[in-house]
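> When you get a sec, could you give me coordinates for this:
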Amino acid sequence: MEENKKTSWPHAPIHKLSQKGTYIVTAGTYKKEHYLLSPERRTYFMNLLFKLATQYERNLQAWAIMSNHYHFIAQSPEKPENLKDFIVHLHSLSSTEFNREDNSPSRKICYQFWDKLISFDKSYYARLHYVNKNPVHHKVTQNADDYFWCSSAWLRAHSDKSFSRTVESFKIDKLNVYDDF
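The predicted structure follows:
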């Protein structure tokens, strides 16, 4: 019975990170504050995401960095358990930098993260599409390719046209991705 209480608690997601594969991750800022509002901060965060993904051997497939949350899809390395370490490191370094800039030591910036192992091809394509269209979903831009902090233009430039078309053909309106921002 105790296990059921833990799994139903909505503010403390259970992370089952022991399987090798591709994960979608969503994380937000504390109280949905817009700590990544400036282009410089989103760029810093994106570059840090890239650097740490390499360090933790995560092969990034898609990303979208918004002013108060982010999503990414990445393949795990041989030891998939390090996803939590990767995200904690990302949150720690970015929070330290933003708190230094704002002269607000020990302020909480990053808050929780949600992860899901993607186990089906159709789910993978739909989630790639979702992450790439996230700036449009949040009405930040009309064309995700124009949003610098998103992988939409990168995917189009670095993949076969048939792959891009396949990804874009998947419907995303009924996906269950935590994105209450």
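> Could I get the full set of helices for the chain?
Residue ranges of the helices in the chain, as given by DSSP state H, are 2-8, 39-55, 83-101, 121-132, 134-137, 152-158, 161-169.
> and residue 70, which of these is closest to it?
Of all these, helix 39-55 sits nearest to residue 70, with 7.2 Å by CB to CB. C-betas here are computed from N, CA, C, even on glycine.
> Now for residue 98: which residues touch it?
Going by CB atoms under 8 Å, 6 or more residues apart in numbering, residue 98 touches 35, 41, 109.
> That one and residue 167, how far apart?
Residue 98 sits 32 Å away from residue 167, going by CB to CB, to the nearest Å.
> Residue 171: neighbouring residues, count only.
Residue 171 has 9 neighbours, counted by other CB atoms under 10 Å.
> what do you get for residue 121?
Using other CB under 10 Å, residue 121 has 9 neighbouring residues.
> I'd like to know which helix or strand in this protein has the lowest mean pLDDT.
When each helix and strand of the chain is scored by mean pLDDT, DSSP states H and E, helix 2-8 comes last, with a mean of 42.
> what's the distance between residue 31 and residue 107?
11 Å.
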